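Colleague: Requesting a structural model of the entry that follows:
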Amino acid sequence: MNFLTVALVVVSLGGIATQSLRWLRVAQREHYIAGSITRFYRRWSRQGHWRLGPSVGRIPHFEFAALTVCAVGIALSPLSAVMASAVFAWTFPFGLGIRGRTSPLHWTRRLTTLALVVVVLNTALLSLCLLVYWPTACLVVFLAPWTVEAGLWLCEPYETRQAMRFVAAAEKKLQAVHPIIVGVTGSFGKTSTKNHLADLLGPNFGAVATPKSFNNRAGLSRSINELLGGDSRVFIAEMGTYGPGEIADLCSWCPPSIAVITAIGPVHLERMKHLHVIEKAKMEIAERAHTVIVNVDDDLLAQWPMRISGKKFLTAGSRNAADVRVIRDAHTWRLLIEGREVAVVPAVSGIRETNLACAIAAARELGATMDDIVGRIASLRVVDNRSTVSVAPSGVTVIDDTFNANPQSSMSALETLVRLPVTGRRVVVTPGIVEMGSMQYPANEFFAHEVFTKGCELVIVQRTNASALRSGFGPSARFFATRPRAVEWVRRELTGRDAVLYLNDLPDHYP
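Modeller: Here you go, the predicted model:
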């Protein structure tokens with residue numbers, strides 16, 4: 001009994017630590033958002049059943065089987081319960097590593113705080129089990145993901161108070177510097193549009209833009225506190241959201257006078273459930289703005305000028321009639337202002353016309369002349385990993401669109417691949433599109449079918465969307481568990497006559 005008790009405690013502590021480290025890494029990668037552990041636990045659990053046929057169904061999840069053995073062992077054989085919990089702790093979820101290949105743990109102040117809360121919760125659970133009936137201690141291993149989830153919820157009020165200190169400093173700095181604030185949001189295209197606007201304004205406007213994808217409360221306040229100076233006259237703030245109320249909160253202390261909305265699409269549907277919820281969340285950026293710039297190629301945004309009163313609307317796009325249009329003709333862009341062609345300039349590969357049109361509209365509203373804008377278009381920077389085209393040392397033409405993916409950008413990247421002047425194979429390497437809720441399977445299935453109908457090859461990376469992608473493309477699709485293995489295959493198989501599109505890149509906390 002004494003030996004088993006000691007063994008149980010040691011195995012339980014080791015198992016809890018092993019499981020907790022896995023899920024702490026997921027929490028950090030998902031920006032410490034409460035609820036993220038539940039979502040990812042479901043993702044990994046779905047990888048654990050095997051279909052035996054329509055009459056038999058599926059065998060139980062691995063975690064359910066291990067929990068059953070452990071529960072039976074508690075009553076009949078404590079040693080088997082210890083072994084079952086140990087096997088579960090070290091192997092589940094299959095493929096979710098402790099150290100991480102693409103996203104290792106970084107022991108920041110916030111992660112350390114969360115880890116301490118998780119330790120307290122697990123210690124309390126373990127002590128309770130030992131006091132009530134010692135063999136039940138092995139069950140705490142199975143609760144490790146949920147103690148991390150509980151830790152996120154418990155830490156949220158404290159972290160919010162910590163963040164508000166930086167927000168208060170940022171608000172004070174905005175009041176002192178008093179720049180013109182341009183808020184940029186959209187389901188996609190916001191980072192590109194923000195960067196294009198900064199490039200079009202140039203140094204003469206004293207423009208400062210939030211770096212990379214710093215678009216939440218922490219990123220926005222940090223950008224203001226660290227980057228805004230006395231000579232800053234324009235602040236371009238990218239604003240993202242995972243749900244209604246988040247952009248409204250950002251605008252309460254960083255109110256934009258000009259709002260730019262690039263697109264409304266099925267991104268983050270896993271969190272927001274419906275497209276109208278996404279639209280409502282994005283619309284919050286227009287509440288305090290006196291000028292609203294919308295991409296009217298987007299059907300939902302095209303209706304905003306008729307639905308929202310009391311605002312000055314500027315429209316931008318490439319297909320539909322708009323105040324600012326950018327139309328691509330072969331290797332040039334035609335720039336049209338209020339229907340009048342004002343310039344024809346060389347097109348820059350990797351830049352989408354609608355994003356550029358929104359940026360031009362904002363630059364004009366800020367006082368930039370068309371001569372200034374046209375003169376700076378050639379110096380526009382292409383955002384890294386956004387449909388950038390290059391030629392590898394092997395001669396293979398590479399399209400890098402790995403930053404993220406949505407249905408529209410995926411089809412645009414595929415069209416770019418099809419248009420390339422290559423005579424050999426065209427290959428798409430992708431893990432598919434994520435965070436689309438119930439639309440995820442059909443969206444990936446449709447995209448894979450489009451890859452097939454356009455005569456391209458498909459290489460599937462990771463298991464997240466493998467079933468849907470195979471269903472859309474067919475049995476000839478190749479599969480690799482990791483992106484490095486897929487890249488090795490590309491380097492080995494493709495030649496200078498071929499082209500490859502790397503679409504999306506999921507970190508390894510995805511299955």
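Colleague: Tell me if I'm right that Ile74 and Pro135 touch.
Modeller: Yes: Ile74 is in contact with Pro135 according to C-beta atoms under 8 Å; the separation is 4.4 Å. In short, each C-beta sits where N, CA and C put it, glycine included.
Colleague: joint contacts of these two?
Modeller: Common contacts of Ile74 and Pro135 (C-beta atoms under 8 Å, 6 or more residues apart in numbering): Ala81.
Colleague: Mind checking what secondary structure the residue positioned nearest the centre of the chain has?
Modeller: Centroid-nearest residue in the chain, with C-alpha atoms, centre = their mean: Asn404, separated by 6.2 Å. Look at Asn404: counting by DSSP: H, G, I helix; E, B strand; the rest coil, its state is coil.
Colleague: Could you check how far it is from Asn122?
Modeller: Distance of Asn404 to Asn122, computed by C-beta to C-beta, to the nearest Å: 34 Å.
Colleague: and if you look at Pro421?
Modeller: Taken as C-beta to C-beta, the span from Pro421 to Asn122 is 59 Å.
Colleague: again with Ser257
Modeller: 49 Å.
Colleague: ok, now Ala302?
Modeller: Separation of Ala302 from Asn122 (C-beta to C-beta): 52 Å.
Colleague: more neighbours, those two?
Modeller: Asn122 (23 against 16; other C-beta atoms under 10 Å).
Colleague: Surely the more buried one touches Ala144?
Modeller: Yes: Asn122 is within contact range of Ala144, at 7.0 Å (criterion: C-beta under 8 Å).
Colleague: quick one: secondary structure of Asp384?
Modeller: Asp384 ends up coil, using three-state DSSP.
Colleague: Looking at the record's assignment, how would you partition this structure?
Modeller: The chain breaks down into these domains under automatic domain parsing: 2-159, 178-377, 388-503.
Colleague: what ranges do the strands span in the stretch 351-500 of the chain?
Modeller: 388-391, 397-401, 426-430, 457-461, 478-480, 499-503 (DSSP state E, counting those that start in this stretch).
Colleague: I'd like those as CSV, with mean pLDDT appended.
Modeller: Formatted as CSV, the strands of the stretch 351-500 of the chain follow (pLDDT from 0 to 100):
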stretch, mean pLDDT
strand 388-391, 87
strand 397-401, 93
strand 426-430, 97
strand 457-461, 97
strand 478-480, 96
strand 499-503, 96
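Colleague: possible to save these as a markdown table with mean neighbour count and distance to Gly265?
Modeller: Listed next are these as a markdown table, based on neighbours: other C-beta atoms under 10 Å; distance: least, C-beta to C-beta, whole Å:
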| stretch | mean neighbour count | distance to Gly265 |
| --- | --- | --- |
| strand 388-391 | 14 | 21 |
| strand 397-401 | 22 | 16 |
| strand 426-430 | 25 | 18 |
| strand 457-461 | 23 | 23 |
| strand 478-480 | 16 | 28 |
| strand 499-503 | 25 | 16 |
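Colleague: Could you dump those strands into JSON lines with distance to Ser309 added?
Modeller: Output for the strands of the stretch 351-500 of the chain, formatted as JSON lines (distance: least, C-beta to C-beta, whole Å):
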{"stretch": "strand 388-391", "distance to Ser309": "41"}
{"stretch": "strand 397-401", "distance to Ser309": "39"}
{"stretch": "strand 426-430", "distance to Ser309": "43"}
{"stretch": "strand 457-461", "distance to Ser309": "47"}
{"stretch": "strand 478-480", "distance to Ser309": "53"}
{"stretch": "strand 499-503", "distance to Ser309": "40"}
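Colleague: how about those strands, which one is nearest Ala330?
Modeller: Distance to Ala330, taken as C-beta to C-beta, is lowest for strand 388-391 among those, at 15.7 Å.
Colleague: elements contacting the closest one?
Modeller: strand 397-401 (3 or more C-beta pairs under 8 Å, 6 or more residues apart in numbering; DSSP states H and E).
Colleague: now the strand it packs on and strand 426-430, what's the angle there?
Modeller: With axes from the mean of the first three to the mean of the last three C-alpha atoms, to 10 degrees applied, the angle from strand 397-401 to strand 426-430 works out at 30 degrees.
Colleague: need the contact list for Val177.
Modeller: 228-230, 232, 235.
Colleague: Among those residues, which pair sits farthest apart?
Modeller: Gly230 and Phe235 (12.8 Å).
Colleague: The two: which has the busier surroundings?
Modeller: The residue with more neighbours, out of Gly230 and Phe235, is Phe235; 25 against 7, by other C-beta under 10 Å.
Colleague: Quickly note the distance from that one to Ile258.
Modeller: 11 Å.
Colleague: Equivalent analysis for Ala163, please.
Modeller: 26 Å.
Colleague: Who has more neighbours out of these two?
Modeller: Neighbour totals were compared for Ala163 and Ile258, and Ile258 leads with 23 against 16 (other C-beta under 10 Å).
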